[in-house]
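Participant: Need coordinates for the following:
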Amino acid sequence: MKTLPKGFYTALGTPLDQRGNVLTGSLAAQVQQQCRAGAAGLLVLGSMGIQAYLKQDQAAIAVAAVSETLRNESNDAGKGQRPVFLAGVMDNSIERVLQRIELLRGFDLDGVVATTPFYGLCNDEALLNFFTRIADRSPYPLYLYDLPGVTKIKITLPLVRKIAEHPNVRGIKTGDMILARWLRLDESLRERFCPIFSGLDIFDVAAAAGFDHFLDGMFACCPRTTERTFRSFEQKQFEDGAKSLNQILDLRDTMLRFGIFPAFTIVMNQLGLPGSHAPDYEPEAIPEAHDVLRNKLIEMGELAGPR
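Facilitator: Numbering: from 1, shown residues only. You can find the predicted model right below:
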């Protein structure tokens, strides 16, 4: 796969039981929802998928559940095709990231995704070493994950251009529109390196400007609205797409009122996806949140309303 297919990429939630074990049936149902919504790709174990909070033995279980579901969905469709399948392997040293990758060896992954280290600060020389040495030893293509709000380290354009010279580094997920724009315009990278834009609030602006790869965790909790949004973008009906995007943003902002992960759990449960989707220390959302969020989902057409 030289470049990634165009479309929306969903950062999946990771449903857990009370002991922190992955609920594979719930995760499989989530994958099915996204396949039917037309997702171009899926990211398991991203930031919305609480990779940094999972027990060490649960990553491979989550990847196995997604892999099996994608295989079954492809067979049922009779096309032999499936969404791109990426997995997060974020950690704080080269060897720790490589350990995570090794646990996933043998799965039918299209790539692994890594942030910068997020415990201590480091300069561009250290980051070049970090990503290059991971790419040297990874059996899967490596995608960078620019997440400075969490890691406190920004991946810069000069750094990306150096790292992208590595044949096993294939792209970057970033919410930095300026960075993504310059990478899209760089003809030397166009055939082998893919910027995936994650600035949810301006997806309509980015789509109108010609961006065609998008990733976010909110897609997991509103698959029907996400499908409408990107169908409009594909048809260049940007005003209609913006209206659907506004519904996603309104849901996101409402979730933030109650705590993003507790609210995410409520929304996913209401979509028929049981389990906790939050770090284990998060308190439950206040009771009011259930009705407020359910009403939002009904307004969006994600759930049927009362008859």
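Participant: where does the protein dip in pLDDT?
Facilitator: For the chain, residues meeting the criterion pLDDT under 70 lie at 1-2, 76-80, 307.
Participant: Break down the stretch 1-150 of the chain into its helices, ranges please.
Facilitator: Ranges of helices within the stretch 1-150 of the chain are 24-37, 58-77, 94-103, 124-137, 148-151, based on DSSP state H, counting those that start in this stretch.
Participant: Look at Lys243 and tell me its secondary structure.
Facilitator: Using DSSP: H, G, I helix; E, B strand; the rest coil, the structure places Lys243 in helix.
Participant: Ok, the one 4 residues further on next?
Facilitator: Here Gln247 is helix, with the state taken from three-state DSSP.
Participant: ok, it - how many residues close by?
Facilitator: Here the count is done by other Cβ atoms under 10 Å, and Gln247 has 19 residues near it. Using the backbone N, CA and C atoms, a C-beta is placed for each residue, glycine as well.
Participant: list the contacts for it?
Facilitator: By Cβ atoms under 8 Å, 6 or more residues apart in numbering, the contact list for Gln247 reads Cys222, Thr225, Glu299, Met300.
Participant: just Lys6 next, same as before
Facilitator: Lys6 makes contact with Ala40, Asp212, His213, according to Cβ under 8 Å, 6+ apart.
Participant: Can you lay out the contacts of Gln247 as TSV showing neighbour count, distance to Gln56 and secondary structure?
Facilitator: Listed next are those as TSV, based on neighbours: other Cβ atoms under 10 Å; distance: Cβ to Cβ, whole Å; DSSP: H, G, I helix; E, B strand; the rest coil:
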residue	neighbour count	distance to Gln56	secondary structure
Cys222	24	31	coil
Thr225	23	35	helix
Glu299	14	40	helix
Met300	17	37	helix
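Participant: which one of those sits closest to Ile260?
Facilitator: Nearest to Ile260, judged by Cβ to Cβ, of the contacts of Gln247 is Cys222 at 14.1 Å.
Participant: ok, Arg137 to Glu102 distance?
Facilitator: 9 Å (Cβ to Cβ, to the nearest Å).
Participant: sorry, back to before: what two of the contacts of Gln247 are the furthest from one another?
Facilitator: Put simply, by Cβ to Cβ the two of the contacts of Gln247 set farthest apart are Cys222 and Glu299, 10.9 Å from each other.
Participant: Out of the helices of the stretch 1-150 of the chain, the one nearest Gly13 is which?
Facilitator: Nearest to Gly13 among the helices of the stretch 1-150 of the chain is helix 24-37; the distance by Cβ to Cβ comes to 6.6 Å.
Participant: what angle do the closest one and helix 58-77 make?
Facilitator: Computed by axes from the mean of the first three to the mean of the last three Cα atoms, to 10 degrees, the angle separating helix 24-37 from helix 58-77 equals 50 degrees.
Participant: which residues sit against helix 24-37?
Facilitator: By Cβ under 8 Å, 6+ apart, helix 24-37 touches 10, 12-15, 42, 44, 61-62, 64-66, 68-70, 73, 82-83, 219-220, 223-224, 226-227, 268, 271-275.
Participant: Distance to Glu282 and mean neighbour count for the helices of the stretch 1-150 of the chain - can I get that in CSV?
Facilitator: Formatted as CSV, the helices of the stretch 1-150 of the chain follow (distance: least, Cβ to Cβ, whole Å; neighbours: other Cβ atoms under 10 Å):
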stretch, distance to Glu282, mean neighbour count
helix 24-37, 18, 21
helix 58-77, 17, 18
helix 94-103, 23, 17
helix 124-137, 30, 16
helix 148-151, 16, 14
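Participant: Pipe the ones you listed into TSV and attach distance to Gly259 per row.
Facilitator: Shown next, in TSV, are the helices of the stretch 1-150 of the chain (distance: least, Cβ to Cβ, whole Å):
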stretch	distance to Gly259
helix 24-37	20
helix 58-77	22
helix 94-103	27
helix 124-137	32
helix 148-151	17
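Participant: Quick one: closest of those to Leu109.
Facilitator: Minimum separation from Leu109 across the helices of the stretch 1-150 of the chain (Cβ to Cβ) falls at helix 58-77, 7.2 Å.
Participant: and that closest one, what other elements does it pack with?
Facilitator: helix 24-37, strand 41-44, strand 84-88, helix 94-103 (3 or more Cβ pairs under 8 Å, 6 or more residues apart in numbering; DSSP states H and E).
Participant: partners of the shortest one in the sheet?
Facilitator: Strand partners for strand 41-44, identified by DSSP bridges, are recorded as strand 7-11 (parallel), strand 84-88 (parallel).
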